[in-house]
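Asker: I need the structure of the sequence given here:
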Amino acid sequence: MELSVKQVREVTGPLLEAFARLMPQLSPRLEAPSAARLQAIVESPSAALFAAEAERGIRGLLTLVWYDVPSGRKAWIEDVVVDAEARGTGAGRALVAAALEHAAVIGAGKVLLTSNPAREAARALYRKMGFEEAATTVFAIKTDAK
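Answerer: Here you go, the predicted structure:
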């Protein structure tokens, strides 16, 4: 499968379709973001959206976000999803590699991500690409809970 990864510069119909198809694969409770939300991400000065494309369209997506704090610029890889039909084709590796290259360009000294322990293949990929499990605990709280 011929695959290319590009930074998304505009929100298109095929991009919206890809999010509608792929977000539930990331987590069954997730819905596709609106065109307006995606446009805000594409235009953000602190985010980059990447799409892995093949002859059959968009096969995977990844978002890189970054921020500056006193200890330096950090970046997070978020919402990595590769279509079930395209897993094992190198799409995930290509997406992560593009994000790491972009992180270096924007001066992020550290790139972080989280991965559900059930996602064994994804976790193995991250390790192969040089990520190490951090000796920390992530705490989370929902601010939109009712």
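Asker: Could you look up the SS state of the most centrally placed residue in the chain?
Answerer: Nearest residue to the geometric centre of the chain (CA atoms, centre = their mean): residue 62, 2.2 Å. Following DSSP: H, G, I helix; E, B strand; the rest coil, the label given to residue 62 is strand.
Asker: mind checking how far it is from residue 125?
Answerer: For residue 62, the distance to residue 125 equals 12 Å [CB to CB, to the nearest Å]. No exception for glycine: its C-beta is placed from N, CA and C like everyone else's.
Asker: Overlap of the contact sets of these two?
Answerer: Common contacts of residue 62 and residue 125 (CB atoms under 8 Å, 6 or more residues apart in numbering): residue 96.
Asker: and the residue nearest to residue 83 when sequence neighbours are not counted, what element?
Answerer: Using CB to CB, 6 or more residues apart in numbering and skipping the chain neighbours, the partner closest in space to residue 83 is residue 59 (4.9 Å). Under the criterion of DSSP states H and E, residue 59 resides in strand 57-69.
Asker: Give the pairing partners of that strand; include direction for each.
Answerer: Take DSSP bridges as the rule and strand 57-69 pairs in its sheet with strand 47-54 (antiparallel), strand 72-82 (antiparallel).
Asker: And it, how far out from the chain middle?
Answerer: On the basis of CA atoms, centre = their mean, to the nearest Å, strand 57-69 sits 4 Å off its chain's mean C-alpha point.
Asker: which of the residues in it are buried?
Answerer: 58-66 (16 or more other CB atoms under 10 Å).
Asker: and residue 9, how many neighbours?
Answerer: Number of residues near residue 9 (other CB atoms under 10 Å) recorded here: 10.
Asker: roughly how far apart are residue 37 and residue 63?
Answerer: Relative to residue 63, and taking CB to CB, residue 37 is found at 11 Å.
Asker: Kindly report the same for residue 40.
Answerer: When CB to CB is applied, the distance between residue 40 and residue 63 equals 12 Å.
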